[in-house]
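Asks: just a sequence and a predicted model for now, questions to come.
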Amino acid sequence: MAINEYNKERYKEDWRWYEDGYEVTRTSVWTGPGCHNGCGVLCYTKEGKLEKIEGDPLFGYNQGRLCLRCLNMVENIYNNDRLKWPLMRDGEKGENKWKRVTWEEAFDWIEEAYKDVCETIRTKFNGIGPEGIVVLSGTGRNAMWHGAMVLRSVFGSPNIAFGFLSADSCYQPRMTANLLKEGDCWILDASQLHPDRYDNPDWVKPEVVVIWGNEPLASNGDGFMGHWIVDLMRMGTKLIVMDPALTWLASKADVWLRVRPGTDCALALGMLNVIINEDLYDHEFVENWSYGFDELKERVQEYSPEKVAEICWVPEQQIIDAARLYATAKPAGVQWGLAIDMQISAMEASAAITDMVAITGNLDVPGGNVLVRYAYNSSKKYGSGLEFISQEMLARRIGTEHSPIHKAGYTPFIPPDLLLEAMENGIPYRPQMMWVHGTNPIANMAGDAPRVYKAWKNIKYTVVCDYYITPTAVAFADLILPMAMSVERDSFRSWWQPLRTITASAERYHECKMDEELVLELGKRFNPEFYDQFDDVHAFLTWMIQDDGNGVDYTYDELNKKVYDWWDFNETYEKYRKGLLRDDGNPGFVTATGLYEIYSPLFDVWGFDPLPHHMEPFEGPYSTPELYKEFPYIYTSGHRHIGLFHSEHRQLPTMREVHPTAIADISKEIADQIGVIEGDWVWFENKRGKCKQQVHIAPGLLPNLVRARHGWWFPEKQGAEPVLFGVFDSNANNLTTMGVHGPTHYGAPYKSTLCKCYKVTPENDCSPSEIVTKKGGFSYVSY
Amino acid sequence: MSATNSVANEYGLLIDYEFCTNCHSCEVACKKEHDLPIGQFGIKTLEDGPRQNINGKWEWTYIPLPTDLCDLCEKRVSEGRLPTCVHHCQSGIMYWGKLDELALKLAEKPKQVLFSR
């Protein structure tokens, strides 16, 4: 639009220029601050210091737009609470006493600890040695391949896990279902794969988008910038929204299904029932490109809209309307999210939704759900460094024996729930060192956080790589390593499209190191045979993006100057018809049958149901009716704060002005039942524990639903135990589980359990952090 | 009338508030540009709803409201940039320009507002 054209003198395609006394660097950012996006920015620096930042209007991904995380970058980078140099514990764990050490001293300590870990594993657990080290990772940050490389190529251990994210309940179920059924992952096509975006001649606007278990405006999950949905709405795309809460998008939807948490698989099967029985599916795709349609047709007969309406607590007609609207729109897309992963039916729901995409002919078509890979195949993310691990060592992974999907190598992770058990009971062996790389588990992703806290206290060594002193660091760390933030790092991003440079524009804060430097320097010390080939970080990054001939054919310095490189594979539609997916060059998908597997032969082999089926939530009105009498509200956690990322940003005044504390959503019905008003504090409690949060009465919410906020800790409170930055006071995960999941080992009920709710009073007020850190946990609470 | 006012009378902001999501980007971008302390705003998003209308549809509207501290980013504009709220708005619903041109755009679609200073 002519009115808002950008000034070409100011906004250039160069990678760096100088103006008005500033050095301007055009690059992308990704961690820290954490998020799943990788927006384009212009960094304005003076004498190595970031003075201001703005969105790059010439990068199609964000087109100049930015969210709070980047807009508030300067406050984050130069925050006085930020870690400035390595810190060694100088008191008991939990006392928050530290002494400054040099990097050299830190590396010496790591080497000594490593030797001790190996010795213990050999002598006490009859093992090889390095497997006693476990790397814990966060989600979707630019600290994925780094932890993996430290683990495998530096230490030689095979054990990497999310930071106690029970049953890998974030994107892993959806991705794994995709990999099993069609060999690649799909994403909603909002034109983000093309540099010219909405103007691209091959792209088609989706007529309908289903937003399923997702609040993209706040979450920006999985590399999908949420406001692209708003772009589509402004072009006329209609929405169908599946959410137990009235989100802003739900309020604008043509059909909003206020689905009961944990029943998404049943809902998808009900829609498939309508789509198949009313003959709304794509016969050409089904006949030529899919395997097992007849079995699905038979299965969905068990899921009439009438029956599904009862399971999901939505009107029958809405299921029919949604199915017809979706299946008759050409094209139609699905934008799905975390809520699908955070239930025991995660894998089953993911499979059913994917089947819906496939049989309606919306797979890999413009404006539908397109198959994507990491740009130029470069960077293996969490799987990096697997070539350094022998078969003998791979067999020492914790817990993978008990999960066929893990054992078969569909994921580079070990099951976090079984890692926790190994920490508790020492079987098959007790990990001796936790290397925590970009995660703050007890504040954020660990299910049943008090249980994780207790088990972690059994672990001899912990190293934390982070930006600030976190509750996790205070509780467990011997050594904290200060990491550089995004604008201080030389790195890259290949997550989907395009391949992006991340160019350091500011000097590193005090003695912080880039994650990339840390890997390289540790590598030179522990594995010089491999790492001595790299003279500097740029040479190492060239090796990463070239990926042994599978990646690009140019250097990292050249990527800096390109800034972005759009991969034609990701721009191409209907790749399965063109023979672009399979190594053998034949048309089809990367599956054993070469077809889209509606019926999964692999599931059959592993003893799982090869077709999707509904399972009642682990706790709920039908599965545990007695418990439901005592705990009458459905409890979910993890709905996103707009502008925050998980447990980050709580130190920043600007962020706290927008999000002052943990504010939960409860319904008007619950508020009336328990006698609270807006702004009161309430306890959420179930048989595992309790936490307190402030009340927001949210119109439109499912009447017996509470939505607790996640990731809350309070840097302004005392760090030492028993306060521990108040990490257990408002911790949504005092009520969630570890070790509860579906048959495939994927999907935990973070978003479908039960609780009761009552007002915090002077009589019942207490400090959950003290209960957990000093009184042995919530078993002391009487019910 | 000060000189500032006479310039501002010529320029303004058109906001397509139908698609404001309350992402706070305009508020924070403005704070950073103008170095405003906590509690001070050059633009602030107001909310109506969510409320179910008698026809069953949901009413839920946000509207960004420039305050007296808004100078339409005089400095940025003089450098050939857009006001920072316009530049960073995640929904892309804010337009800066001459009021007479924006008025024409205002007539193109409902649920927009035009701000002048």
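Replies: Done, it's in.

Asks: low-confidence ranges in chain A?
Replies: Judged by pLDDT under 70, chain A has its weakly predicted residues at A:1-3, A:379, A:780-783.

Asks: try chain B
Replies: B:1-8.

Asks: where does it come near chain A, residue by residue?
Replies: Applying Cβ under 8 Å from any Cβ of the partner chain, we find that chain B lies next to chain A at B:14, B:16, B:19, B:21-25, B:27-29, B:31-32, B:38-39, B:49-52, B:58-60, B:79-82, B:84, B:86-92, B:95-97, B:101-102, B:105. Just so you know, the C-beta spots here come from the backbone N, C-alpha and C atoms, and that holds for glycine as well.

Asks: can you give me the strands in chain B?
Replies: Ranges of strands in chain B, per DSSP state E, are B:11-15, B:43-52, B:58-66, B:94-98, B:113-116.

Asks: out of those strands, indicate the one that is most buried.
Replies: Most buried of the strands of chain B by mean neighbour count (mean count of other Cβ atoms under 10 Å in any protein chain shown) is strand B:11-15; its value is a mean of 24.

Asks: which neighbours does it have in its sheet, and in what orientation?
Replies: Strand pairing for strand B:11-15, determined by DSSP bridges: strand B:94-98 (antiparallel), strand B:113-116 (antiparallel).

Asks: make a markdown table out of those and add distance to residue A:511.
Replies: Shown next, in a markdown table, are the strands paired with strand B:11-15 (distance: least, Cβ to Cβ, whole Å):
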| stretch | distance to residue A:511 |
| --- | --- |
| strand B:94-98 | 41 |
| strand B:113-116 | 47 |
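
Asks: to residue A:509, which of the strands of chain B lies closest?
Replies: strand B:43-52 (30.5 Å; Cβ to Cβ).

Asks: which elements pack onto that closest one?
Replies: Judged by 3 or more Cβ pairs under 8 Å, 6 or more residues apart in numbering or on different chains; DSSP states H and E, strand B:43-52 is in contact with helix B:25-34, strand B:58-66.

Asks: tell me what angle it forms with strand B:58-66.
Replies: 170 degrees (axes from the mean of the first three to the mean of the last three Cα atoms, to 10 degrees).

Asks: and the angle from strand B:43-52 to helix B:25-34?
Replies: 170 degrees.

Asks: strands paired with strand B:43-52, and their directions?
Replies: Partners of strand B:43-52 in the sheet, by DSSP bridges, are strand B:58-66 (antiparallel).

Asks: how about residues contacting the strand it pairs with?
Replies: For strand B:58-66, contacts defined as Cβ atoms under 8 Å, 6 or more residues apart in numbering or on different chains pick out A:246, A:248, A:250-252, A:700, B:13, B:15, B:17-18, B:20-22, B:26-27, B:42-53, B:85, B:94, B:113, B:115, B:117.

Asks: nearest residue to the residue nearest the centre of chain A in space, please, no chain neighbours.
Replies: Central residue of chain A (Cα atoms, centre = their mean): residue A:139, 3.9 Å from the mean position. Once flanking residues are discounted, residue A:139 sits nearest to residue A:170: 5.1 Å by Cβ to Cβ, 6 or more residues apart in numbering or on different chains.

Asks: from residue A:775, how far off is the one you found?
Replies: Using Cβ to Cβ, to the nearest Å, residue A:170 is found at 31 Å from residue A:775.

Asks: more neighbours: which of these two?
Replies: More neighbours surround residue A:170 than the other of residue A:170 and residue A:775, with 23 against 15 (other Cβ atoms under 10 Å in any protein chain shown).

Asks: next up, the contacts around the more buried one.
Replies: A:139, A:162, A:338, A:341-342, A:445.

Asks: next, format the residues you listed as a markdown table and append secondary structure.
Replies: A markdown table is the format used below for these (DSSP: H, G, I helix; E, B strand; the rest coil):
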| residue | secondary structure |
| --- | --- |
| A:139 | coil |
| A:162 | strand |
| A:338 | helix |
| A:341 | helix |
| A:342 | coil |
| A:445 | coil |
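
Asks: please consider this matter closed, and thank you.
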